[in-house]
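1. Following is a predicted model, sequence given first.
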Amino acid sequence: MARRSRIQWGPALWMTVVWILLWGQLTIGNIVGGILLSLAILLIFPLPRLAVDVTVRPWGLAILVSRFLSDMVLASVQVAWLTFRPGDPPRGMVVDLHLHGRNELLQTITAEMVALVPGTLVIDLESRSGRLTLHVLNITTRAEAERIRRAVLAQEERVLRAFDPDPQAVLDARPRRGKEPSSGGAA
């Protein structure tokens, strides 16, 4: 029976690089110290094995990154305006939606990209059902909540087109507009 190594060398290398960067000098002592520390951490707190089933598509990734950056800039300006404008403080709303992909890594990437855009906060992601719950700043109507749902699903589509091995299968299987599962209550 072949024994699998308990050490995951990718994370060990990454932790060693971070250790060297934290010390700010590339010395033999920092390299050896980083290696020993990362190996000790990984032996004491082993990481779970992840089945990563992604295919990086350069064109889809370029579209994803460019749109994400433009969304961040626009949202930053909007949040800055809300902060400094006169009048009542902005109100927010909790928005539920269902992601269509079932790959947990891609769901997490979508949720993180949504959370990084100013004015949105991820409250919960239930990976089994694909239910994503957000708190969104400065929305008060169902129409605005629906606009946010469409924007998040468009972001998920860009993530799928950038990383999913078969994005078209996921996108073809999604419900058509108006046929999405109810967002009230647990899924």
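-> Ah, there it is.

2. could you measure Trp14 against Asn103, distance?
-> 22 Å (Cβ to Cβ, to the nearest Å). Every residue, glycine included, has its C-beta placed from N, CA and C.

3. and those two? which has more neighbours close in?
-> Asn103 (21 against 12; other Cβ atoms under 10 Å).

4. surely the more buried one meets Ala169?
-> No: counting by Cβ atoms under 8 Å, Asn103 stays clear of Ala169, with 11.6 Å between them.

5. So what's the residue count around Ile31?
-> Residues lying near Ile31 (other Cβ under 10 Å) number 15.

6. Now do the same for it: its pLDDT.
-> If you check Ile31, the pLDDT there is 96.

7. go on, Val170?
-> In this prediction, Val170 has a pLDDT value of 81.

8. isn't it right next to Leu99, touching?
-> No: in this structure, Val170 is not within contact of Leu99 by Cβ under 8 Å, at 9.7 Å.

9. So if I had to pick from these two, which one is more boxed in?
-> Higher neighbour count among Val170 and Leu99: Leu99, with 25 against 20, using other Cβ under 10 Å.

10. Phi and psi next, for the more buried one.
-> phi -70, psi 150 (degrees, to the nearest 10).

11. average model confidence for the host helix or strand of Ala151?
-> Assigned by DSSP states H and E, Ala151 falls within helix 142-163. The average pLDDT within helix 142-163 is 95.

12. how close does Val56 get to Ala62?
-> Counting by Cβ to Cβ - Val56 and Ala62 are separated by 11 Å.

13. neighbour count winner among these two?
-> Ala62 (11 against 8).

14. Now do the helix or strand hosting the more buried one: which elements does it pack against?
-> Assigned by DSSP H and E, Ala62 belongs to helix 58-84. Packing partners of helix 58-84 (3 or more Cβ pairs under 8 Å, 6 or more residues apart in numbering; DSSP states H and E): helix 104-116, helix 142-163.

15. The longest one versus helix 58-84: what angle between them?
-> With axes from the mean of the first three to the mean of the last three Cα atoms, to 10 degrees as the basis, helix 142-163 and helix 58-84 are set at 150 degrees to each other.
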